[in-house]
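S.K.: sequence unknown, structure follows:
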C-alpha cells in the first residue's frame with residue numbers, strides 16, 4: 001500500500017477528539033511517575049491536553065487550531081502555535097518534555113526529537129506504538145490494512161532511541177480493559193466499539209484507508225460479532241483485566 005501524504009488533518013476531522021481521547025489515570029501514572037520531580041514540562045503535539053500533569057508548570061505546543069480550541073473548552077491552558085521541528089525555546093528551558101502518541105504525525109521525526117532533547121534538561125518522554133508488535137492484537141486479522149498503514153507511519157523504537165541519544169528506557173504499557181482513552185488497543189476486549197463511526201474517526205489511521213476498505217473490514221467484524229465467530233476466537237479478551245501489545249513509553253535521559 002502506498003500513501004502519498006501521511007499527515008492527518010485534525011482541523012478537518014478532529015472536532016470531537018477530546019470526547020473520545022481522554023486521560024486514562026492508569027496509563028497516566030506511568031507518565032507522571034517518569035516525570036518525577038520535574039517542575040517545568042514541555043508538551044509537544046499536545047493535542048487537547050490529555051495526560052498533562054496538574055501539579056507541574058506545563059507549556060503546550062500544538063499546530064492544530066481545532067485541538068487548541070478544545071484545550072480551552074476543557075479548561076486547559078492555551079497552547080503555543082508551533083511544531084516539533086522548530087521549537088521557540090532556548091536550550092535547556094524545561095526540566096522535562098513529553099510527546100505522547102504524536103511523533104507519527106511529524107514531518108521530520110528525527111529533527112523534532114533532537115529539538116526536544118535540545119530544550120530539555122533531563123528526561124524526554126515519548127509515548128508511541130511499536131510497529132513490530134502490532135500483529136499481537138486481533139485487529140491484525142480483521143484490519144490488516146490498518147496494520148500495514150501503521151507500519152508505514154509509526155517509526156521503529158530503535159529509530160526513536162537513536163534520535164534521542166543518551167540513555168533510554170523502553171517501558172511496555174498495559175492497557176486496562178475499561179480504558180477511557182479511545183486509541184485502537186483500548187478496545188481489545190470491547191470490539192463492538194469499532195462499529196461506531198465516531199470512534200473510528202478519532203483514530204487517525206482509518207483516515208488513510210482507500211475508498212471502500214473501511215466499510216468492508218468493519219462489516220466483516222460486525223458479521224463475526226453477530227454470528228459469534230469473534231467470541232469463539234477472541235472472546236477471552238473480554239475477561240482480561242489488562243492487555244499489553246504495542247504501546248511503549250520511552251524515557252530518555254542525557
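M.R.: Perfect, thanks for sending it. Remember, predicted model here, so these are calculated numbers, not experimental data.

S.K.: what's near enough to touch the nearest residue to residue 93 once chain neighbours are set aside?
M.R.: Leaving aside its chain neighbours, residue 93 sits nearest to residue 119 (4.9 Å; criterion: C-beta to C-beta, 6 or more residues apart in numbering). Using the backbone N, CA and C atoms, a C-beta is placed for each residue, glycine as well. Taking C-beta atoms under 8 Å, 6 or more residues apart in numbering, we find residue 119 in contact with 42, 87, 89-94, 97.

S.K.: Which of those fall in strands?
M.R.: Using DSSP state E, 42, 97 are the members of these that sit in strands.

S.K.: Hmm, residue 104 is touching residue 154, no?
M.R.: Yes: look at residue 104 against residue 154 with C-beta atoms under 8 Å: they come within range, at 5.1 Å.

S.K.: overlap in contacts of these two?
M.R.: 128-129.

S.K.: my read: residue 51 touches residue 23, true?
M.R.: Yes: if you go by C-beta under 8 Å, residue 51 and residue 23 touch, sitting 5.2 Å apart.

S.K.: and those two? which has more neighbours close in?
M.R.: In this view residue 51 and residue 23 are compared by other C-beta atoms under 10 Å, and residue 51 has more residues nearby, 22 against 16.

S.K.: list the contacts for residue 123?
M.R.: Residues counted as contacts of residue 123 (C-beta under 8 Å, 6+ apart) are 34-36, 38, 96-97, 251-253.

S.K.: Filter those down to just the buried residues.
M.R.: Neighbour counting over the contacts of residue 123 (16 or more other C-beta atoms under 10 Å) leaves 34-35, 38, 96-97, 251-252 as the buried ones.

S.K.: So which of those belong to helices?
M.R.: 34-35 (DSSP state H).

S.K.: for the buried ones among the contacts of residue 123, which one is nearest residue 186?
M.R.: residue 34 (20.3 Å; C-beta to C-beta).

S.K.: for the closest one, what are its contacts?
M.R.: By C-beta under 8 Å, 6+ apart, the neighbours of residue 34 are 123, 125, 171, 249, 251.

S.K.: And these, which is closest to residue 110?
M.R.: Using C-beta to C-beta, the contacts of residue 34 come closest to residue 110 at residue 125, 17.3 Å.

S.K.: Look up phi and psi at that closest one.
M.R.: Phi and psi for residue 125, reported as degrees, to the nearest 10, are phi -110, psi 130.

S.K.: OK, contacts around it?
M.R.: By C-beta under 8 Å, 6+ apart, the neighbours of residue 125 are 31, 34-35, 96-100, 249-252.

S.K.: make it 10 Å
M.R.: By C-beta atoms under 10 Å, 6 or more residues apart in numbering, the contact list for residue 125 reads 30-32, 34-35, 38, 41, 43, 51, 96-100, 116, 171, 249-252.

S.K.: Measure how buried the closest residue to it other than its chain neighbours is and give me the count.
M.R.: Closest residue to residue 125 apart from its sequence neighbours, by C-beta to C-beta, 6+ apart: residue 98 at 4.1 Å. Applying other C-beta under 10 Å, we find 29 residues neighbouring residue 98.
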